[in-house]
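Chemist: Predicted coordinates and the sequence they were generated for:
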Amino acid sequence: MYNIPSFIHIYGKGVITNPDLEKLLLYLKALLPESTIDVRTDFISYFLNQSDSEKINDEIDLLAEKLAGIRVLDYSKQKLNPDPLYAEIDYERRKILNPATKSIGVFYDSFELQNIFYAIISKGERTFSHTHIVFTNQLIAAWDEDDSRYHARSSVYGFPSIISTAGIIEAPAKPREFYLLKQQYGMMGREDLAVAEFKKKFEGRFIEYNDPRMTEVCKGYVLQAFFFHIAGEPFCEDKGCRLFNAHWQEELIYSQLESPYEFCEKHAMIIERKFQALITKQ
Ligand SMILES: [Zn+2]
C-alpha cells in the first residue's frame, strides 16, 4: 500500500533560479492533485525564521559550525573536517544569512547534510504526511565503500531529500572523451580549452550551468524523491523511465528528455494511482 503524502514542500525560492521551482510545483500538482504542494524559501532560512529572535544567533553559530564540519576535504579519506577553521565557519554563517551568495565549490557529505537538515525541520512536519524536497546549489558527495572514496552526487533521498543543481551538472559522467581532453589540456595548464573543444563536439549531450533543460531534468529528480518517500525505492531499471538512476549525462538526457514515454508501465500505474484498484481487486 502506498501512502501519498498530504504535503509536499519544495525548498529553494529566491536562491534556485534554474530549475524553475514553480514549474516543478505545477508538474507535481497535476500528478498528485490530492496533495498540498508548496514552494518555500531556502531550507535553512525557512526553519530558522520560525525560531524566536533571542535564540537565532546561537542557532546560526551552531549550524555554521556543523556545516563547516561536514566538508569533504580529501576524497580518499572518510574523515571530514571535525575542527573547522574560523574562516570556514564564517563562510557558512554568511551563507546562512545570505543564501543566494555564490557557492565556492566545496563538497559536503550528503548523509551528514541530511542529518543536519533533519534536525532543523519543525517537529510537526517530521512525519510521513510531509515530503521535504530541498534544492541546493551546493555540491554534495557520498562515500563509496567499494572504492573507498567520495563521489559527487546529484541527489540524496531520505528525510529530507536533497537535490543539488550543481551536482546534476557535475555528478553524472560526461562522455569519456571529455576526461581525456581534460587530461591532455590539463598538462598544458589549459583545462578551459578542453571544456571549449568538448562543448563544440558534444553540443547538447550534457547538462550545463544555465541549461534550459534543467527544469525538465529536475522533474525526474523530484519524482525520485517522491517515490523514495512512498515506496522506499527511488529508482527504476528502465532507461526510459524518469526514475532511472543515471550515471552518465547521456542516460540522464535520455530518461528525462528523449525517452518516448515518461514512466515505465509499473511506475505509470503507481503515479496514476491505479494501484488502489489493483489492491482492491486482490
Ligand atoms: Zn519505472
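Modeler: Good, I have the coordinates.
Chemist: which non-adjacent residue is nearest His229?
Modeler: Thr131 (4.6 Å; Cβ to Cβ, 6 or more residues apart in numbering). For glycine as for every other residue, the C-beta is placed from the backbone atoms N, C-alpha and C.
Chemist: What is the burial count for the one you found?
Modeler: Neighbour count of Thr131, defined by other Cβ atoms under 10 Å: 26.
Chemist: Contacts only, for it.
Modeler: Pro5, Phe7, Ile8, His9, Ser161, Ala225, Phe226, His229 (Cβ atoms under 8 Å, 6 or more residues apart in numbering).
Chemist: Now go through those and say which are in strands.
Modeler: Residues of these located in strands (DSSP state E): Phe7, Ile8, His9, Ser161.
Chemist: Go through the residues you listed and say which is closest to the ion.
Modeler: Ser161 (17.7 Å; Cβ to the ion).
Chemist: beta partners for the closest one?
Modeler: Ile133 (DSSP bridges).
Chemist: Make sure it is actually in contact with Phe227.
Modeler: No. Contact criterion Cβ atoms under 8 Å: Ser161 and Phe227 do not qualify, at 10.2 Å.
Chemist: follow-up on the earlier one: average pLDDT for the one helix or strand the residue nearest to His229 maps to, rounded please.
Modeler: According to DSSP states H and E, Thr131 maps onto strand 130-136. Strand 130-136 shows an average pLDDT of 97 in the prediction.
Chemist: Next: stretch 37-53.
Modeler: So the average pLDDT for stretch 37-53 ends up being 93.
Chemist: Equivalent analysis for stretch 56-72, please.
Modeler: Rounded mean pLDDT across stretch 56-72 is 96.
Chemist: hmm, who's touching that stretch?
Modeler: Against stretch 56-72 from outside (Cβ under 8 Å, 6+ apart): 44, 48, 51, 80-85, 88-93, 95-97, 106-109, 112-113, 116, 120, 141, 150.
Chemist: coming back round to it: can you tell me which of the ones in strands among the contacts of Thr131 are buried?
Modeler: Among those, the ones that count as buried by 16 or more other Cβ atoms under 10 Å are Ile8, His9, Ser161.
Chemist: got a markdown table for these, with distance to Arg126 too?
Modeler: Formatted as a markdown table, these follow (distance: Cβ to Cβ, whole Å):
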| residue | distance to Arg126 |
| --- | --- |
| Ile8 | 15 |
| His9 | 12 |
| Ser161 | 14 |
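Chemist: The residue lying closest to Phe159 once chain neighbours are set aside: neighbour count?
Modeler: Leaving aside its chain neighbours, Phe159 sits nearest to Tyr118 (5.7 Å; criterion: Cβ to Cβ, 6+ apart). With neighbours defined by other Cβ under 10 Å, the count for Tyr118 comes to 13.
Chemist: pLDDT score assigned to Tyr118?
Modeler: 97.
Chemist: thought it was touching Ser161?
Modeler: No. When contacts are counted by Cβ under 8 Å, Tyr118 is not listed as touching Ser161 (11.0 Å).
Chemist: among the helices and strands of the protein, which has the poorest mean pLDDT?
Modeler: Ranked by mean pLDDT, DSSP states H and E, the weakest helix or strand in the chain is helix 275-281, scoring a mean of 45.
Chemist: Just the ones of the contacts of stretch 56-72 in strands?
Modeler: Phe107, Tyr108, Asp109, Ala141, Tyr150.
Chemist: Among the residues you listed, name the ones that also lie close to the ion.
Modeler: Contacts with the ion are made by none of those, judged by Cβ under 5 Å from the ion.
Chemist: of all those, which comes closest to the ion?
Modeler: So of those, ranked by how close each gets to the ion (Cβ to the ion), first place is Ala141, at 26.4 Å.
Chemist: OK, contacts around that closest one?
Modeler: Per Cβ under 8 Å, 6+ apart, neighbours of Ala141: Val72, Tyr75, Phe107, Tyr108, Asp109, Ser110, Tyr150, His151, Ala152, Arg153.
Chemist: Repeat that for Ala246.
Modeler: If you count contacts by Cβ under 8 Å, 6+ apart, then Ala246 has Pro172, Leu252, Tyr254, Ser255 around it.
Chemist: List, one by one, the residues from the stretch 151-282 of the chain near the ion.
Modeler: Cys236, Asp238, Cys241, Leu243, Cys264, His267.
Chemist: Spit out the contact partners of the fourth one.
Modeler: Taking Cβ under 8 Å, 6+ apart as the contact definition, Leu243 lies against Gly220, Leu223, Gln224, Phe227, Pro234, Phe235, Cys236, Phe263, Cys264, His267.
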